[in-house]
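S.K.: model this:
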Amino acid sequence: MSSSPDRPGSITRRTFVQSSALLAVPLIIPSRLRGGPNAPSNRIRVGHIGCGRIGQTHDMPGVAGSGLADVLAVCDLDSRRAASGKQRIAQLYANAPGPRPEVTVFTDYKQLLARPDIDAVVVSLPDHQHAEVVLRALYAGKDVYVQKPFTMTHAEGVLLRDTVKKTGRVLQVGSQQRSWGPNEQFRKAVELVRSGRVGHLKNVEIGLPTDPTKPDDPEQPVPPNLNYDMWLGPTAVKYYTEQRVHPQGLDRNGNPDVNSRPGWLRNDAYCLGMITGWGAHHFDTAHWGMDLEHTGPLKIDGKGEFPPQERIWNVHGAYEIQLVYPGDIHMRVSDKLPNGIKFIGDEGWIFVSRDASQTASDPQGRATSLKSLDASDAKLLDPNGVSVHLTPSTSHHKNWLENVASRGTPLAPADIAHRSNTACIVSWISMKLNRPLNWDPKAERFVNDDEANAMLTRPERPGYGALRLAGSRGTKVTKATNG
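M.R.: Residues are numbered from 1 along each chain as shown. Okay, here's the model as predicted:
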């Protein structure tokens, strides 16, 4: 399905970019974004790619509720979810002032990206689909909000980070702990730690949950509403079963079930497990507090329990990881710790977590008496005398949209998100290899370890993959291919 722009013949930022060199930094901002932010002509035009759980419950409300954007299109390769995405957008704009945007439904994201009237896209997809979709969006001249983790592989992360820089696009990764809640406890914790409240920072502890496994379900017919080949994307062809993808059932209102956790979160062809699922959030906060957002660990020693590789739900179970960062900061990451981040110095500790111990992705919620912002001594949390002041924001999506308009840098840009995601990925590689590794954060390679370096990329199925796409456009990339 395709759609024509709502203002044919108008010259926008997108048509300018598409008619000039795609990899040149744009020199102009469209005039309609220079006026008052609430004028209809100045609102940012957004397309949502992915209408599942995170899209409908988090990303769509964040964008539609920002007061800065009109959602003009939704896309999902499951046509039932795409249709329900349109309904969700209508619901979100029902009580909003001003005219309601007309929403077009797509089942092929490339058709959505071809619309010149769409300024920016939100990518709410399984991890293995992030890189190619985001890369095509960047090539199409769109600004991007992409869910965490940034990419599935390290090689994809390097490619996207470098392409964002070359194209001048504004990209925000959904590391929303930088904007979390009315209390903004993560920002406050980071300000306190970086102001020296715990003294010399010596240790960081990160607690993350795990995902259970279960026996495989048998093969099922591919639902007629699902483009399963496109869903598999760059991964190897495997038989279809709902356990591998996302629920096909209906909720109590007769709409597609987008609230249950999808099965792809438990298969390491599509997701590395909680080490990136929650780890992308907590490593990002840890790097923020350590003031090491543009580097990474030097040493990693990971141990993890893995189900049989041939099982569908085969992501890691229990794990214990030790990392050493510049400045001799030692980090421990374990499912045995309370879900959150603890910064430990020679004068005390500060702990920070989300507002509740249980979430949809951590239903067991390891019991803890710690508050969402806690310390070894309450005096460490006194805001008076804090010397480090970071940008406040209680809306991650609004922060992105504000920077789309201003061409500024959002709270979780590509270069920072790539580094926190890299720490997760190299931890997973150490867990899989079951041995210590040395990492060079400047060269972004393991030191004298060909086996580990080979795991920084993955084979891509013919017809799919960000590295294949970049290579076809003349970009030199390090890649593995399976055909």
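
S.K.: could you point out the longest helix in this structure?
M.R.: helix 414-433 (DSSP state H).

S.K.: right, and the helix or strand after it?
M.R.: Later in the chain than helix 414-433, the nearest helix or strand by DSSP states H and E is strand 436-440.

S.K.: mind listing the strands the helix or strand following that following strand pairs with, and their directions?
M.R.: For strand 436-440, the succeeding helix or strand toward the C-terminus, using DSSP H and E, is strand 445-446. Sheet partners assigned to strand 445-446 using DSSP bridges are listed as strand 436-440 (antiparallel).

S.K.: buried residues in the partner strand, which are they?
M.R.: L437, W439 (16 or more other C-beta atoms under 10 Å). C-beta here means a position set from N, CA and C on the backbone, and glycine is covered the same way.

S.K.: start at 55, not 1
M.R.: Okay, using 55 as the starting number, the last item reads as strand 490-494.

S.K.: tell me the angle of it relative to helix 468-487?
M.R.: Between the axes of strand 490-494 and helix 468-487, defined by axes from the mean of the first three to the mean of the last three C-alpha atoms, to 10 degrees, the angle is 160 degrees.

S.K.: state the mean pLDDT of stretch 512-527.
M.R.: Across stretch 512-527, the average pLDDT comes to 97.

S.K.: and it, C-alpha only, in CSV?
M.R.: Output of stretch 512-527 as CSV, limited to C-alpha atoms (Å, rounded to 0.1, in the frame of the first residue of the first chain):
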residue,chain,number,x,y,z
ARG,A,512,26.6,-12.7,12.2
PRO,A,513,25.7,-14.2,8.9
GLU,A,514,22.9,-12.5,7.0
ARG,A,515,20.4,-14.3,4.8
PRO,A,516,20.4,-13.3,1.1
GLY,A,517,18.1,-10.5,0.5
TYR,A,518,18.2,-9.1,4.0
GLY,A,519,20.6,-7.5,6.5
ALA,A,520,22.1,-4.1,7.2
LEU,A,521,25.6,-5.1,6.3
ARG,A,522,24.5,-6.4,2.9
LEU,A,523,22.5,-3.3,2.3
ALA,A,524,25.5,-1.0,3.2
GLY,A,525,27.8,-3.1,1.1
SER,A,526,25.5,-2.8,-1.9
ARG,A,527,25.8,1.0,-1.6
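
S.K.: give the buried residues for it.
M.R.: Here stretch 512-527 shows R512, E514, R515, Y518, G519, A520, L521, R522, L523, A524, G525 as buried, counting by 16+ other C-beta under 10 Å.

S.K.: what's the closest of the residues you listed to Q297?
M.R.: R515 (20.7 Å; C-beta to C-beta).

S.K.: the closest one contacts L286, doesn't it?
M.R.: Yes - R515 lies in contact with L286 (C-beta atoms under 8 Å); the separation is 7.2 Å.

S.K.: for G525, which non-adjacent residue is closest in space?
M.R.: The spatial neighbour of G525 that comes closest, neighbours along the chain excluded (C-beta to C-beta, 6 or more residues apart in numbering), is V531 at 5.6 Å.

S.K.: quick one, what contacts that neighbour?
M.R.: Counting by C-beta atoms under 8 Å, 6 or more residues apart in numbering, V531 touches A209, L213, L521, A524, G525.

S.K.: out of those residues, list just those in helices.
M.R.: Reading helices off these with DSSP H, I get A209, L213, L521, A524, G525.

S.K.: contacting residues around the second one?
M.R.: Under the criterion of C-beta under 8 Å, 6+ apart, the contact list for L213 reads A185, L189, A520, L521, A524, T529, V531.
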